[in-house]
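Q: No sequence on hand, only this structure:
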Ligand SMILES: [Zn+2]
């Protein structure tokens, strides 16, 4: 048994830290007890900063790690998609796998204990299977032409079988409204909902909203120029179009765990529509990625006012300079300084664990759980994150 003490211990059962809090845990990381350090109590280590449970990275594409440093910033979503199409296969499989291995290791050492990861291929499977980090793999599909729907679904079934061979928790998921035919959006949602989980890129950019609401804009023009089919023009936020496609799969309400990723263009009417039929909806923010692509951030005050379950992801190294949960939190804290630190940590740990239905293991520091423990260093005198803050796994 070990006992450590932290200046700020965030168990995250509440947002408030325990000042000079202790944690006792077994060698394998199982938490025995937490509390406030009393005079004369001995301990193995003192951490002069925050100790939090292991992070849950709610959105990553680890297989794109080979794209670090290759993309131009500020291109908007249409320009970003052009770069993905151009560069996705710009490295050999060996180089891709080496980059995945390197970054999975960095994420683990920085304290990520669990991750919702997107895969379009099998490059990352062997590394995720061997990693001490828990991952749920979302086998993402896209395809704009309705007649390709069956072929795309057949292909993802093959990928799902391969993921199962590696022992991964994996199921298909739809990519977004703007890369899929309506038929494929419903078919991929149906396949994913059977597993109990979906992860879906939602309202990421103004171009996406303009495409669905008005049938215009850079993304619409790109698709038309390439001779590809376009999604229906609905006059409503794109999230409502997704909800319509979900309702082709089964009657509402939806008890499955559904993660909506990005939400940069989220509006109150879209929140209301989702809340009306989704009983377990989670909202991932990836602020560094949003700034990279279009210098925008999600409407966090609106999300907080509505009491949404916010989670935090790093997205991929195609739209981020690094994969670092503390950088994402510091970005959020800088843009929205009234968010208490404990609330940010709840987004980065507890809410992600709930999305994965792994809250008995991850997300909070409580007896019997094995969330991992992470030291967040480089705080200011009020215990807030700074530009120098870093995180390091303790156990
Ligand atoms: Zn993504």
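A: Alright, I've got the coordinates. On a predicted model such as this, the values are computed, not experimentally measured, just so you know.

Q: So which residues of the stretch 151-300 of the chain form helices?
A: Counting by DSSP state H, counting those that start in this stretch, the stretch 151-300 of the chain has helices at residues 182-195, 206-214, 218-225, 238-246, 268-277, 287-294, 300-305.

Q: hey, least reliable of the ones you listed by pLDDT?
A: Ranked by mean pLDDT, these bottom out at helix 218-225, with a mean of 92.

Q: how far does that helix sit from the chain's center?
A: 28 Å (C-alpha atoms, centre = their mean, to the nearest Å).

Q: and if you look at stretch 280-289?
A: On C-alpha atoms, centre = their mean, the centre of stretch 280-289 falls 6 Å from the chain's centre.

Q: May I have the distance across it, first residue to last?
A: Stretch 280-289 stretches 25 Å from its first residue to its last (C-alpha to C-alpha, to the nearest Å).

Q: Kindly reformat the helices of the stretch 151-300 of the chain as TSV containing mean neighbour count and distance to residue 166.
A: (C-beta placed from N, C-alpha, C; glycine too.) Formatted as TSV, the helices of the stretch 151-300 of the chain follow (neighbours: other C-beta atoms under 10 Å; distance: least, C-beta to C-beta, whole Å):
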stretch	mean neighbour count	distance to residue 166
helix 182-195	22	16
helix 206-214	21	33
helix 218-225	17	35
helix 238-246	22	29
helix 268-277	16	33
helix 287-294	23	27
helix 300-305	15	35
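
Q: Check the burial of the closest residue in space to residue 294 that isn't next to it in sequence by counting its neighbours.
A: Of all residues not flanking residue 294 in the chain, residue 76 sits nearest, at 5.2 Å (C-beta to C-beta, 6 or more residues apart in numbering). Using other C-beta atoms under 10 Å, the number of residues around residue 76 comes to 18.

Q: Including distance to residue 175, could the helices of the stretch 151-300 of the chain go into TSV?
A: Formatted as TSV, the helices of the stretch 151-300 of the chain follow (distance: least, C-beta to C-beta, whole Å):
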stretch	distance to residue 175
helix 182-195	8
helix 206-214	12
helix 218-225	14
helix 238-246	11
helix 268-277	18
helix 287-294	15
helix 300-305	22
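
Q: show me the contacts for residue 283.
A: By C-beta atoms under 8 Å, 6 or more residues apart in numbering, the contact set of residue 283 is 259-260, 263, 266, 303, 308-311.

Q: Quick check: PyMOL command selecting the buried ones in those.
A: Selection of buried members from the contacts of residue 283 for PyMOL, criterion 16 or more other C-beta atoms under 10 Å:
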select buried, resi 259+260+263+266+303+308+309+310+311
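
Q: Can you list the low-confidence ranges for the protein?
A: Of all residues in the chain, none has pLDDT under 70.

Q: Show me where it has its strands.
A: Per DSSP state E, the chain carries strands over the ranges 2-9, 18-25, 31-36, 45-53, 55-60, 112-119, 134-141, 169-174, 197-202, 254-262, 278-285, 310-312, 373-377, 390-393.

Q: Specify the angle between the fourth one and strand 18-25 in degrees.
A: So the one you mean is strand 45-53. 90 degrees (axes from the mean of the first three to the mean of the last three C-alpha atoms, to 10 degrees).

Q: Now strand 45-53: buried residues?
A: By neighbour count with 16+ other C-beta under 10 Å, strand 45-53 contains the buried residues 47, 49-53.

Q: hang on, the earlier thing: right, and the helices of the stretch 151-300 of the chain - which one's nearest residue 137?
A: Proximity to residue 137 (C-beta to C-beta) singles out helix 182-195 among the helices of the stretch 151-300 of the chain, at 10.4 Å.

Q: what angle separates that closest one from strand 134-141?
A: Helix 182-195 runs at 160 degrees relative to strand 134-141, counting by the same axes, to 10 degrees.

Q: Which elements pack onto helix 182-195?
A: If you count contacts as 3 or more C-beta pairs under 8 Å, 6 or more residues apart in numbering; DSSP states H and E, helix 182-195 packs onto strand 134-141, helix 149-165, strand 169-174, helix 238-246.

Q: Report the angle between the shortest one and strand 254-262.
A: Regarding strand 169-174 and strand 254-262, their directions subtend 70 degrees when assessed with the same axes, to 10 degrees.
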